[in-house]
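**Student:** 3D model of this:
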Amino acid sequence: MFGLFIHLPSKSRFSRALPIFILGAWIAISCVSLSEESGSAPTLCVDAYHAHTWIETVPSPEMLDYHVLHSPSRAVQSLSQLGWKCKPQLLPWTKEVLEQCDVVMLNLPSADQPPYLVDEILALEEFVRNGGGLYIIVDHTNCYFHNSVLGALANRLDIELRSETVCDRVPHTTGFGNAWVVFSDFRPSPITSGLKKIAYQAGGCVDERFGIIFSSPKSWADKARINPYGANNSNLGFYGDYIQEFYEPSGPQAVVAAKELGRGRIVLVADQNCIGGVFLNYADNRRFWLQSMYWAAGVPFDAESLRQDRDKNRSLVWCLEIVRGERGQFGDVAERGLYYFYAWLSKVADARATDETLSDAKVLVVPDVELLKEDLLLEQIRGFLNQPERTVCVLAAEADESLLKTLVQGWVSSPSKTSDPLGSKAWSNRSGSRLILVPHRDAWTNKYFPEPELRRSLGRVEENKLEAAHRFFLGMGIIDASNKQKSWLDELDE
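**Tutor:** Reported below is the predicted structural model:
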(Lines give C-alpha, C1' and ligand atoms only; values in the text may rest on other atoms or scores of the structure.)
Protein backbone atom coordinates (compact mmCIF):
# COMPACT_ATOMS: atom_id res chain seq x y z
CA MET A 1 0.00 0.00 0.00
CA PHE A 2 1.43 3.35 -0.97
CA GLY A 3 0.67 6.83 0.28
CA LEU A 4 0.84 9.97 -1.83
CA PHE A 5 3.86 12.16 -1.06
CA ILE A 6 4.35 15.63 -2.46
CA HIS A 7 7.69 17.36 -2.19
CA LEU A 8 7.20 20.52 -0.16
CA PRO A 9 10.06 23.04 0.44
CA SER A 10 9.82 22.97 4.21
CA LYS A 11 11.65 21.53 7.19
CA SER A 12 8.37 19.80 8.14
CA ARG A 13 7.98 18.02 4.81
CA PHE A 14 6.94 14.75 6.43
CA SER A 15 4.38 16.38 8.74
CA ARG A 16 2.81 18.21 5.78
CA ALA A 17 2.73 15.02 3.66
CA LEU A 18 1.21 12.88 6.42
CA PRO A 19 -2.44 13.93 5.84
CA ILE A 20 -2.05 13.24 2.13
CA PHE A 21 -0.50 9.84 2.91
CA ILE A 22 -3.47 8.98 5.15
CA LEU A 23 -5.89 10.07 2.41
CA GLY A 24 -4.11 7.86 -0.12
CA ALA A 25 -4.14 4.91 2.26
CA TRP A 26 -7.87 5.39 2.94
CA ILE A 27 -8.62 5.41 -0.79
CA ALA A 28 -6.59 2.25 -1.31
CA ILE A 29 -8.31 0.45 1.57
CA SER A 30 -11.73 1.55 0.30
CA CYS A 31 -10.99 0.20 -3.17
CA VAL A 32 -9.91 -3.15 -1.77
CA SER A 33 -12.99 -3.26 0.46
CA LEU A 34 -15.33 -2.49 -2.43
CA SER A 35 -13.61 -5.10 -4.56
CA GLU A 36 -14.02 -7.75 -1.86
CA GLU A 37 -17.66 -6.78 -1.34
CA SER A 38 -18.31 -7.02 -5.06
CA GLY A 39 -16.64 -10.42 -5.21
CA SER A 40 -18.80 -11.76 -2.37
CA ALA A 41 -22.06 -10.85 -4.10
CA PRO A 42 -22.22 -12.37 -7.60
CA THR A 43 -24.77 -11.05 -10.06
CA LEU A 44 -27.14 -13.52 -11.73
CA CYS A 45 -28.98 -12.46 -14.88
CA VAL A 46 -31.90 -14.72 -15.83
CA ASP A 47 -33.11 -14.85 -19.42
CA ALA A 48 -36.73 -13.69 -19.52
CA TYR A 49 -36.61 -12.71 -23.19
CA HIS A 50 -36.07 -16.06 -24.94
CA ALA A 51 -37.83 -18.05 -22.19
CA HIS A 52 -40.93 -17.86 -20.02
CA THR A 53 -39.29 -17.11 -16.70
CA TRP A 54 -40.60 -15.75 -13.40
CA ILE A 55 -38.04 -15.15 -10.67
CA GLU A 56 -40.09 -13.28 -8.06
CA THR A 57 -43.42 -15.11 -7.96
CA VAL A 58 -42.94 -17.89 -5.42
CA PRO A 59 -45.64 -20.56 -4.96
CA SER A 60 -48.85 -19.55 -3.23
CA PRO A 61 -52.29 -21.19 -2.79
CA GLU A 62 -53.72 -19.18 -5.68
CA MET A 63 -51.01 -20.40 -8.07
CA LEU A 64 -52.59 -22.99 -10.35
CA ASP A 65 -50.54 -22.60 -13.53
CA TYR A 66 -48.11 -25.51 -13.97
CA HIS A 67 -45.33 -23.45 -15.56
CA VAL A 68 -45.42 -20.71 -12.94
CA LEU A 69 -45.64 -23.14 -10.04
CA HIS A 70 -42.51 -24.93 -11.26
CA SER A 71 -40.59 -21.80 -12.27
CA PRO A 72 -37.14 -21.16 -10.73
CA SER A 73 -38.42 -18.29 -8.57
CA ARG A 74 -37.82 -20.14 -5.29
CA ALA A 75 -34.31 -21.12 -6.42
CA VAL A 76 -33.44 -17.55 -7.40
CA GLN A 77 -34.88 -16.32 -4.12
CA SER A 78 -32.52 -18.63 -2.23
CA LEU A 79 -29.55 -16.93 -3.90
CA SER A 80 -30.94 -13.47 -3.15
CA GLN A 81 -31.19 -14.37 0.53
CA LEU A 82 -27.52 -15.40 0.45
CA GLY A 83 -26.53 -11.99 -0.87
CA TRP A 84 -26.60 -12.51 -4.64
CA LYS A 85 -27.90 -9.80 -6.95
CA CYS A 86 -30.53 -11.42 -9.17
CA LYS A 87 -32.36 -9.76 -12.01
CA PRO A 88 -34.25 -10.72 -15.18
CA GLN A 89 -32.96 -9.91 -18.65
CA LEU A 90 -35.88 -8.63 -20.74
CA LEU A 91 -33.94 -7.73 -23.90
CA PRO A 92 -31.44 -9.48 -26.20
CA TRP A 93 -28.00 -10.27 -24.82
CA THR A 94 -25.26 -7.79 -25.69
CA LYS A 95 -21.64 -7.42 -24.67
CA GLU A 96 -22.55 -4.36 -22.59
CA VAL A 97 -25.28 -6.24 -20.70
CA LEU A 98 -23.05 -9.26 -20.09
CA GLU A 99 -20.34 -7.07 -18.58
CA GLN A 100 -22.73 -6.57 -15.66
CA CYS A 101 -23.21 -10.33 -15.07
CA ASP A 102 -21.27 -13.03 -13.25
CA VAL A 103 -23.65 -15.84 -14.22
CA VAL A 104 -26.22 -16.00 -17.01
CA MET A 105 -29.11 -18.44 -16.69
CA LEU A 106 -30.90 -19.65 -19.82
CA ASN A 107 -34.00 -21.25 -18.38
CA LEU A 108 -35.59 -23.65 -20.87
CA PRO A 109 -35.84 -21.34 -23.89
CA SER A 110 -39.06 -21.80 -25.82
CA ALA A 111 -39.71 -21.72 -29.57
CA ASP A 112 -42.62 -19.30 -29.15
CA GLN A 113 -40.18 -16.65 -27.90
CA PRO A 114 -37.60 -14.70 -29.95
CA PRO A 115 -34.65 -16.78 -31.23
CA TYR A 116 -31.02 -16.27 -30.25
CA LEU A 117 -29.45 -14.06 -32.91
CA VAL A 118 -25.90 -14.47 -34.16
CA ASP A 119 -24.65 -11.44 -32.24
CA GLU A 120 -26.14 -12.80 -29.02
CA ILE A 121 -24.54 -16.20 -29.52
CA LEU A 122 -21.13 -14.70 -30.11
CA ALA A 123 -21.52 -12.36 -27.13
CA LEU A 124 -22.48 -15.26 -24.84
CA GLU A 125 -19.54 -17.34 -26.05
CA GLU A 126 -17.13 -14.47 -25.45
CA PHE A 127 -18.68 -13.90 -22.02
CA VAL A 128 -17.94 -17.50 -21.00
CA ARG A 129 -14.45 -17.62 -22.49
CA ASN A 130 -13.57 -14.45 -20.58
CA GLY A 131 -14.55 -15.95 -17.24
CA GLY A 132 -18.36 -15.81 -17.01
CA GLY A 133 -20.68 -18.58 -15.87
CA LEU A 134 -23.46 -20.00 -18.05
CA TYR A 135 -26.26 -22.04 -16.45
CA ILE A 136 -28.46 -23.77 -19.04
CA ILE A 137 -31.73 -25.51 -18.18
CA VAL A 138 -33.07 -27.96 -20.76
CA ASP A 139 -35.57 -30.79 -20.33
CA HIS A 140 -36.86 -34.03 -21.81
CA THR A 141 -37.41 -34.75 -25.52
CA ASN A 142 -36.92 -31.24 -26.92
CA CYS A 143 -40.31 -30.61 -25.29
CA TYR A 144 -40.62 -26.90 -26.14
CA PHE A 145 -38.23 -27.07 -29.09
CA HIS A 146 -35.61 -25.74 -26.68
CA ASN A 147 -32.89 -27.84 -28.30
CA SER A 148 -33.80 -26.35 -31.66
CA VAL A 149 -33.56 -22.87 -30.18
CA LEU A 150 -30.25 -23.56 -28.42
CA GLY A 151 -28.64 -25.55 -31.23
CA ALA A 152 -26.40 -22.84 -32.66
CA LEU A 153 -25.20 -21.68 -29.23
CA ALA A 154 -24.55 -25.26 -28.11
CA ASN A 155 -22.48 -25.82 -31.24
CA ARG A 156 -20.29 -22.80 -30.44
CA LEU A 157 -19.85 -24.12 -26.88
CA ASP A 158 -19.08 -27.69 -28.02
CA ILE A 159 -22.10 -29.16 -26.25
CA GLU A 160 -24.28 -31.93 -27.65
CA LEU A 161 -28.00 -31.56 -26.94
CA ARG A 162 -30.05 -34.72 -26.54
CA SER A 163 -33.77 -35.32 -27.02
CA GLU A 164 -34.68 -38.21 -24.71
CA THR A 165 -36.32 -38.69 -21.33
CA VAL A 166 -34.23 -40.46 -18.71
CA CYS A 167 -36.18 -43.41 -17.29
CA ASP A 168 -35.31 -45.82 -14.51
CA ARG A 169 -36.79 -48.49 -12.29
CA VAL A 170 -37.43 -48.95 -8.58
CA PRO A 171 -35.54 -48.32 -6.34
CA HIS A 172 -34.09 -45.49 -8.44
CA THR A 173 -37.36 -43.59 -8.68
CA THR A 174 -39.44 -41.50 -6.27
CA GLY A 175 -42.27 -44.01 -6.52
CA PHE A 176 -43.48 -46.71 -8.87
CA GLY A 177 -43.39 -44.62 -12.06
CA ASN A 178 -40.19 -44.70 -14.12
CA ALA A 179 -39.84 -41.04 -15.19
CA TRP A 180 -39.48 -39.40 -11.75
CA VAL A 181 -35.93 -40.57 -11.22
CA VAL A 182 -33.57 -40.47 -8.23
CA PHE A 183 -29.84 -40.09 -8.90
CA SER A 184 -27.01 -41.09 -6.58
CA ASP A 185 -24.12 -41.67 -9.02
CA PHE A 186 -22.04 -38.52 -8.52
CA ARG A 187 -18.64 -37.92 -10.10
CA PRO A 188 -16.09 -35.85 -8.14
CA SER A 189 -16.82 -32.14 -8.52
CA PRO A 190 -17.43 -29.10 -6.31
CA ILE A 191 -21.01 -29.33 -7.60
CA THR A 192 -21.59 -32.85 -6.28
CA SER A 193 -19.73 -32.49 -2.98
CA GLY A 194 -21.81 -33.81 -0.07
CA LEU A 195 -24.79 -34.85 -2.21
CA LYS A 196 -26.58 -38.11 -1.47
CA LYS A 197 -29.57 -38.04 -3.81
CA ILE A 198 -31.22 -35.61 -6.20
CA ALA A 199 -34.40 -36.21 -8.20
CA TYR A 200 -35.95 -35.27 -11.54
CA GLN A 201 -39.61 -35.02 -12.55
CA ALA A 202 -39.45 -36.38 -16.11
CA GLY A 203 -36.06 -34.92 -17.02
CA GLY A 204 -33.74 -35.45 -19.95
CA CYS A 205 -30.22 -36.59 -20.79
CA VAL A 206 -27.14 -34.45 -21.46
CA ASP A 207 -23.75 -34.71 -23.12
CA GLU A 208 -22.04 -37.61 -21.35
CA ARG A 209 -18.55 -36.26 -22.17
CA PHE A 210 -19.04 -33.67 -19.45
CA GLY A 211 -21.42 -35.64 -17.21
CA ILE A 212 -21.06 -35.35 -13.43
CA ILE A 213 -24.37 -36.96 -12.36
CA PHE A 214 -25.63 -40.22 -13.87
CA SER A 215 -28.65 -42.49 -13.65
CA SER A 216 -28.36 -46.12 -12.57
CA PRO A 217 -27.27 -49.10 -14.73
CA LYS A 218 -30.98 -50.07 -14.95
CA SER A 219 -31.93 -46.84 -16.70
CA TRP A 220 -32.45 -45.96 -20.36
CA ALA A 221 -32.96 -42.96 -22.63
CA ASP A 222 -36.60 -42.94 -23.75
CA LYS A 223 -36.96 -41.40 -27.20
CA ALA A 224 -39.70 -38.91 -27.98
CA ARG A 225 -42.64 -39.58 -30.24
CA ILE A 226 -43.13 -36.32 -32.13
CA ASN A 227 -45.56 -35.94 -34.99
CA PRO A 228 -44.53 -33.90 -38.05
CA TYR A 229 -44.64 -30.17 -37.29
CA GLY A 230 -45.16 -31.03 -33.62
CA ALA A 231 -48.86 -31.62 -34.27
CA ASN A 232 -51.05 -32.75 -31.36
CA ASN A 233 -48.38 -32.15 -28.74
CA SER A 234 -49.71 -31.45 -25.24
CA ASN A 235 -49.26 -28.16 -23.46
CA LEU A 236 -46.57 -29.87 -21.35
CA GLY A 237 -44.41 -30.80 -24.32
CA PHE A 238 -43.40 -34.06 -25.97
CA TYR A 239 -42.95 -37.46 -24.36
CA GLY A 240 -41.98 -41.00 -25.26
CA ASP A 241 -43.81 -44.15 -24.21
CA TYR A 242 -41.77 -44.92 -21.05
CA ILE A 243 -41.18 -48.46 -22.34
CA GLN A 244 -37.62 -49.55 -23.05
CA GLU A 245 -37.16 -50.44 -26.70
CA PHE A 246 -34.17 -52.30 -28.14
CA TYR A 247 -33.02 -49.23 -30.07
CA GLU A 248 -33.02 -46.89 -27.05
CA PRO A 249 -29.68 -46.32 -25.26
CA SER A 250 -29.54 -48.29 -22.00
CA GLY A 251 -27.32 -48.08 -18.97
CA PRO A 252 -26.22 -44.99 -17.02
CA GLN A 253 -27.28 -41.72 -18.65
CA ALA A 254 -25.68 -38.35 -17.92
CA VAL A 255 -28.30 -35.97 -16.50
CA VAL A 256 -26.12 -33.04 -15.37
CA ALA A 257 -23.03 -31.79 -17.21
CA ALA A 258 -20.36 -29.28 -16.25
CA LYS A 259 -17.45 -28.04 -18.35
CA GLU A 260 -14.92 -25.28 -18.44
CA LEU A 261 -14.49 -23.17 -21.56
CA GLY A 262 -11.64 -20.71 -21.64
CA ARG A 263 -11.70 -19.06 -18.23
CA GLY A 264 -15.44 -19.64 -17.77
CA ARG A 265 -17.73 -22.44 -16.66
CA ILE A 266 -20.91 -24.02 -18.05
CA VAL A 267 -23.55 -26.08 -16.20
CA LEU A 268 -26.20 -28.02 -18.10
CA VAL A 269 -29.20 -29.34 -16.12
CA ALA A 270 -31.81 -31.48 -17.88
CA ASP A 271 -34.93 -30.80 -15.80
CA GLN A 272 -36.46 -27.46 -14.87
CA ASN A 273 -38.65 -29.04 -12.17
CA CYS A 274 -35.52 -30.18 -10.34
CA ILE A 275 -34.93 -26.56 -9.32
CA GLY A 276 -38.60 -25.53 -9.60
CA GLY A 277 -40.97 -24.16 -6.97
CA VAL A 278 -41.91 -27.58 -5.53
CA PHE A 279 -39.07 -30.05 -6.18
CA LEU A 280 -36.25 -27.65 -5.33
CA ASN A 281 -36.91 -28.69 -1.71
CA TYR A 282 -36.87 -32.44 -2.41
CA ALA A 283 -33.91 -34.56 -1.26
CA ASP A 284 -30.62 -32.76 -2.05
CA ASN A 285 -31.95 -30.73 -5.00
CA ARG A 286 -31.54 -27.44 -3.16
CA ARG A 287 -27.93 -28.12 -2.18
CA PHE A 288 -27.22 -29.21 -5.75
CA TRP A 289 -28.67 -25.92 -7.04
CA LEU A 290 -26.59 -23.78 -4.72
CA GLN A 291 -23.32 -25.63 -5.28
CA SER A 292 -23.74 -25.68 -9.05
CA MET A 293 -24.58 -21.99 -9.18
CA TYR A 294 -21.63 -21.03 -6.97
CA TRP A 295 -19.34 -23.14 -9.17
CA ALA A 296 -20.67 -21.40 -12.27
CA ALA A 297 -19.88 -18.06 -10.63
CA GLY A 298 -16.36 -19.20 -9.74
CA VAL A 299 -17.06 -18.52 -6.05
CA PRO A 300 -16.22 -21.06 -3.31
CA PHE A 301 -19.29 -22.48 -1.63
CA ASP A 302 -19.39 -22.37 2.17
CA ALA A 303 -21.37 -25.25 3.68
CA GLU A 304 -22.51 -22.80 6.37
CA SER A 305 -24.73 -21.31 3.66
CA LEU A 306 -26.87 -24.45 3.85
CA ARG A 307 -27.83 -23.66 7.43
CA GLN A 308 -28.59 -20.05 6.50
CA ASP A 309 -30.59 -21.03 3.43
CA ARG A 310 -34.09 -20.58 4.81
CA ASP A 311 -37.10 -18.79 3.38
CA LYS A 312 -37.26 -15.75 5.63
CA ASN A 313 -40.95 -15.19 4.86
CA ARG A 314 -42.24 -18.69 5.60
CA SER A 315 -42.11 -21.29 8.33
CA LEU A 316 -39.80 -24.25 7.83
CA VAL A 317 -41.62 -27.60 7.69
CA TRP A 318 -39.68 -30.86 7.66
CA CYS A 319 -41.41 -33.61 5.67
CA LEU A 320 -39.72 -36.88 6.57
CA GLU A 321 -38.98 -38.51 3.21
CA ILE A 322 -37.13 -41.81 2.92
CA VAL A 323 -35.85 -41.60 -0.66
CA ARG A 324 -35.54 -45.29 -1.44
CA GLY A 325 -37.71 -45.67 -4.49
CA GLU A 326 -40.36 -47.96 -3.09
CA ARG A 327 -40.48 -45.97 0.17
CA GLY A 328 -40.78 -42.42 -1.17
CA GLN A 329 -44.10 -40.79 -0.38
CA PHE A 330 -43.90 -37.01 -0.76
CA GLY A 331 -42.33 -37.55 -4.18
CA ASP A 332 -44.76 -40.25 -5.31
CA VAL A 333 -47.54 -39.35 -7.77
CA ALA A 334 -49.23 -42.75 -7.57
CA GLU A 335 -52.62 -42.96 -5.83
CA ARG A 336 -51.08 -43.96 -2.50
CA GLY A 337 -48.45 -41.19 -2.61
CA LEU A 338 -48.52 -37.77 -0.94
CA TYR A 339 -47.11 -35.59 -3.71
CA TYR A 340 -50.26 -33.46 -4.15
CA PHE A 341 -50.33 -32.75 -0.44
CA TYR A 342 -46.60 -31.93 -0.45
CA ALA A 343 -47.02 -29.57 -3.41
CA TRP A 344 -49.88 -27.81 -1.60
CA LEU A 345 -47.79 -27.55 1.57
CA SER A 346 -44.99 -26.02 -0.52
CA LYS A 347 -47.38 -23.25 -1.50
CA VAL A 348 -47.89 -22.13 2.10
CA ALA A 349 -44.59 -23.02 3.80
CA ASP A 350 -40.89 -23.69 3.27
CA ALA A 351 -41.58 -27.43 3.08
CA ARG A 352 -38.54 -29.70 2.66
CA ALA A 353 -38.80 -33.43 1.95
CA THR A 354 -35.69 -35.09 3.33
CA ASP A 355 -34.42 -37.66 5.82
CA GLU A 356 -31.82 -35.17 7.06
CA THR A 357 -32.75 -33.75 10.46
CA LEU A 358 -33.95 -30.14 10.20
CA SER A 359 -33.67 -29.17 13.85
CA ASP A 360 -34.78 -25.57 13.24
CA ALA A 361 -38.09 -26.60 11.64
CA LYS A 362 -41.26 -25.76 13.54
CA VAL A 363 -43.17 -28.79 12.30
CA LEU A 364 -42.25 -32.34 11.28
CA VAL A 365 -44.71 -34.31 9.14
CA VAL A 366 -44.29 -38.09 9.37
CA PRO A 367 -46.03 -39.57 6.31
CA ASP A 368 -46.85 -42.97 7.80
CA VAL A 369 -47.24 -44.18 11.38
CA GLU A 370 -45.49 -47.40 10.33
CA LEU A 371 -42.19 -45.50 10.15
CA LEU A 372 -42.21 -45.40 13.94
CA LYS A 373 -41.35 -49.10 13.89
CA GLU A 374 -37.83 -48.26 12.69
CA ASP A 375 -35.52 -47.57 15.62
CA LEU A 376 -33.30 -45.05 13.83
CA LEU A 377 -36.25 -43.00 12.63
CA LEU A 378 -37.86 -43.21 16.05
CA GLU A 379 -34.72 -41.76 17.65
CA GLN A 380 -34.59 -39.04 15.01
CA ILE A 381 -38.18 -38.05 15.77
CA ARG A 382 -37.63 -38.23 19.52
CA GLY A 383 -34.61 -35.93 19.22
CA PHE A 384 -36.72 -33.42 17.32
CA LEU A 385 -39.46 -33.53 19.98
CA ASN A 386 -36.94 -33.03 22.79
CA GLN A 387 -36.49 -29.47 21.58
CA PRO A 388 -38.86 -26.85 22.93
CA GLU A 389 -42.03 -25.90 21.07
CA ARG A 390 -41.82 -28.41 18.24
CA THR A 391 -44.77 -30.18 16.60
CA VAL A 392 -44.77 -33.62 15.01
CA CYS A 393 -47.75 -34.63 12.87
CA VAL A 394 -48.04 -38.37 12.21
CA LEU A 395 -50.38 -39.51 9.44
CA ALA A 396 -52.09 -42.79 10.32
CA ALA A 397 -54.59 -45.07 8.67
CA GLU A 398 -56.65 -44.94 11.86
CA ALA A 399 -56.37 -43.17 15.16
CA ASP A 400 -54.15 -45.98 16.47
CA GLU A 401 -52.05 -44.90 19.46
CA SER A 402 -50.12 -48.14 19.98
CA LEU A 403 -47.03 -47.11 17.98
CA LEU A 404 -46.83 -43.77 19.79
CA LYS A 405 -46.37 -45.14 23.28
CA THR A 406 -42.58 -44.79 23.35
CA LEU A 407 -42.85 -41.18 22.22
CA VAL A 408 -45.65 -39.93 24.47
CA GLN A 409 -44.78 -41.77 27.68
CA GLY A 410 -45.23 -39.24 30.47
CA TRP A 411 -46.86 -36.73 28.15
CA VAL A 412 -50.25 -35.15 28.72
CA SER A 413 -53.15 -35.76 26.38
CA SER A 414 -54.44 -32.33 25.48
CA PRO A 415 -57.05 -30.68 23.30
CA SER A 416 -55.59 -29.69 19.94
CA LYS A 417 -54.72 -26.02 19.60
CA THR A 418 -54.92 -26.16 15.85
CA SER A 419 -58.62 -25.37 15.22
CA ASP A 420 -58.51 -28.95 14.05
CA PRO A 421 -61.32 -30.10 11.76
CA LEU A 422 -59.67 -33.49 11.23
CA GLY A 423 -60.41 -35.22 14.50
CA SER A 424 -56.77 -35.67 15.46
CA LYS A 425 -55.40 -36.60 18.87
CA ALA A 426 -52.70 -34.54 20.56
CA TRP A 427 -50.19 -34.89 23.41
CA SER A 428 -47.89 -32.27 24.85
CA ASN A 429 -44.82 -32.25 27.11
CA ARG A 430 -43.40 -29.73 29.55
CA SER A 431 -41.21 -28.03 26.95
CA GLY A 432 -44.25 -27.11 24.89
CA SER A 433 -43.69 -29.67 22.13
CA ARG A 434 -46.66 -31.55 20.72
CA LEU A 435 -47.28 -34.85 19.01
CA ILE A 436 -50.40 -34.96 16.85
CA LEU A 437 -51.84 -38.15 15.42
CA VAL A 438 -53.80 -37.34 12.27
CA PRO A 439 -56.25 -40.11 11.35
CA HIS A 440 -57.60 -41.10 7.94
CA ARG A 441 -54.26 -41.02 6.12
CA ASP A 442 -55.96 -41.96 2.83
CA ALA A 443 -57.62 -38.56 2.72
CA TRP A 444 -54.17 -36.99 2.30
CA THR A 445 -53.08 -39.24 -0.59
CA ASN A 446 -53.10 -38.33 -4.27
CA LYS A 447 -56.24 -40.40 -4.75
CA TYR A 448 -58.29 -37.92 -2.74
CA PHE A 449 -56.23 -34.76 -2.26
CA PRO A 450 -56.62 -32.13 -5.04
CA GLU A 451 -53.91 -31.75 -7.68
CA PRO A 452 -51.63 -28.73 -7.20
CA GLU A 453 -52.50 -27.33 -10.64
CA LEU A 454 -56.23 -28.08 -10.34
CA ARG A 455 -56.67 -28.89 -14.00
CA ARG A 456 -60.32 -29.66 -13.34
CA SER A 457 -62.99 -27.91 -11.33
CA LEU A 458 -63.00 -28.73 -7.65
CA GLY A 459 -65.93 -30.54 -6.17
CA ARG A 460 -67.33 -29.62 -2.79
CA VAL A 461 -65.52 -32.52 -1.11
CA GLU A 462 -62.15 -31.40 -2.48
CA GLU A 463 -62.79 -27.82 -1.46
CA ASN A 464 -63.55 -29.03 2.04
CA LYS A 465 -60.26 -30.95 2.14
CA LEU A 466 -58.22 -27.94 1.10
CA GLU A 467 -60.06 -25.79 3.63
CA ALA A 468 -59.50 -28.38 6.37
CA ALA A 469 -55.79 -28.66 5.56
CA HIS A 470 -55.45 -24.89 5.50
CA ARG A 471 -57.18 -24.45 8.86
CA PHE A 472 -55.13 -27.28 10.39
CA PHE A 473 -51.73 -25.82 9.45
CA LEU A 474 -52.89 -22.26 10.05
CA GLY A 475 -53.67 -23.31 13.59
CA MET A 476 -50.14 -24.66 13.99
CA GLY A 477 -48.76 -21.26 13.04
CA ILE A 478 -46.94 -22.17 9.84
CA ILE A 479 -49.19 -20.17 7.54
CA ASP A 480 -48.98 -16.41 7.66
CA ALA A 481 -52.42 -15.30 6.53
CA SER A 482 -51.15 -11.76 5.99
CA ASN A 483 -48.30 -12.80 3.69
CA LYS A 484 -49.34 -11.61 0.24
CA GLN A 485 -47.29 -13.04 -2.61
CA LYS A 486 -46.69 -11.22 -5.83
CA SER A 487 -48.95 -12.31 -8.67
CA TRP A 488 -47.22 -13.71 -11.74
CA LEU A 489 -49.37 -11.35 -13.82
CA ASP A 490 -47.90 -8.41 -11.89
CA GLU A 491 -44.41 -9.70 -12.55
CA LEU A 492 -45.28 -10.17 -16.21
CA ASP A 493 -46.46 -6.57 -16.39
CA GLU A 494 -43.20 -5.38 -14.85
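
**Student:** So which residues of the stretch 351-494 of the chain form helices?
**Tutor:** 375-385, 405-408, 460-475, 488-493 (DSSP state H, counting those that start in this stretch).

**Student:** closest one to residue 296 among the ones you listed?
**Tutor:** helix 488-493 (24.0 Å; CB to CB). (C-beta placed from N, C-alpha, C; glycine too.)

**Student:** Would you map the strands across the stretch 251-400 of the chain?
**Tutor:** 254-261, 264-269, 316-320, 350-354, 363-366, 391-395 (DSSP state E, counting those that start in this stretch).

**Student:** re the thing from before, okay, the helices of the stretch 351-494 of the chain in a markdown table with mean pLDDT, mean neighbour count and distance to residue 414 next?
**Tutor:** Formatted as a markdown table, these follow (pLDDT from 0 to 100; neighbours: other CB atoms under 10 Å; distance: least, CB to CB, whole Å):
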| stretch | mean pLDDT | mean neighbour count | distance to residue 414 |
| --- | --- | --- | --- |
| helix 375-385 | 92 | 15 | 14 |
| helix 405-408 | 82 | 14 | 11 |
| helix 460-475 | 72 | 15 | 14 |
| helix 488-493 | 54 | 13 | 42 |
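
**Student:** what's the burial count for residue 302?
**Tutor:** By the measure other CB atoms under 10 Å, the count of residues near residue 302 is 11.

**Student:** again with residue 451
**Tutor:** Residue 451: 17 neighbours (other CB under 10 Å).

**Student:** residue ranges with poor pLDDT in the stretch 201-350 of the chain?
**Tutor:** For the stretch 201-350 of the chain, applying pLDDT under 70 flags the ranges 226-237, 324-327.

**Student:** excluding its backbone neighbours, what's nearest residue 347?
**Tutor:** residue 59 (4.4 Å; CB to CB, 6 or more residues apart in numbering).

**Student:** For that neighbour, what are phi and psi?
**Tutor:** Residue 59 has phi and psi values of phi -60, psi 140 when expressed as degrees, to the nearest 10.

**Student:** One more: residue 175?
**Tutor:** Residue torsions, per degrees, to the nearest 10, at residue 175 are phi -160, psi -140.

**Student:** Tell me who's in contact with it.
**Tutor:** 325, 328, 331-334, 337, 339 (CB atoms under 8 Å, 6 or more residues apart in numbering).

**Student:** Same question for residue 189.
**Tutor:** When contacts are counted by CB under 8 Å, 6+ apart, residue 189 touches 212, 258, 295.

**Student:** Name the nearest of these relative to residue 174.
**Tutor:** residue 212 (21.0 Å).

**Student:** what about that closest one, neighbour count?
**Tutor:** If you count neighbours by other CB under 10 Å, residue 212 ends up with 23.

**Student:** Remind me which helix or strand it belongs to.
**Tutor:** strand 211-214 (DSSP states H and E).

**Student:** what helices or strands is that strand leaning on?
**Tutor:** strand 185-186, strand 254-261 (3 or more CB pairs under 8 Å, 6 or more residues apart in numbering; DSSP states H and E).

**Student:** Give me the buried stretch members for that strand, please.
**Tutor:** 211-214 (16 or more other CB atoms under 10 Å).

**Student:** Max pairwise distance over those: which two?
**Tutor:** 212 and 214 (8.3 Å).

**Student:** overlap in contacts of the two?
**Tutor:** Joint contacts of residue 212 and residue 214 (CB under 8 Å, 6+ apart) are 187, 254.

**Student:** ok, back up a step: between the buried residues of strand 211-214, which is nearest residue 83?
**Tutor:** residue 212 (25.7 Å).

**Student:** Wait, the closest one touches residue 191, no?
**Tutor:** Yes: using CB atoms under 8 Å, residue 212 makes contact with residue 191 at a distance of 6.0 Å.

**Student:** burial measure for the residue lying closest to residue 284 once chain neighbours are set aside, as a count.
**Tutor:** Nearest non-adjacent residue to residue 284, counting by CB to CB, 6+ apart: residue 195, 4.7 Å away. Neighbourhood size, residue 195 [other CB under 10 Å]: 18.

**Student:** And residue 187, by the same measure?
**Tutor:** 13.

**Student:** Touching, it and residue 210? I think so.
**Tutor:** No: using CB under 8 Å, residue 187 is not in contact with residue 210; the gap is 10.0 Å.
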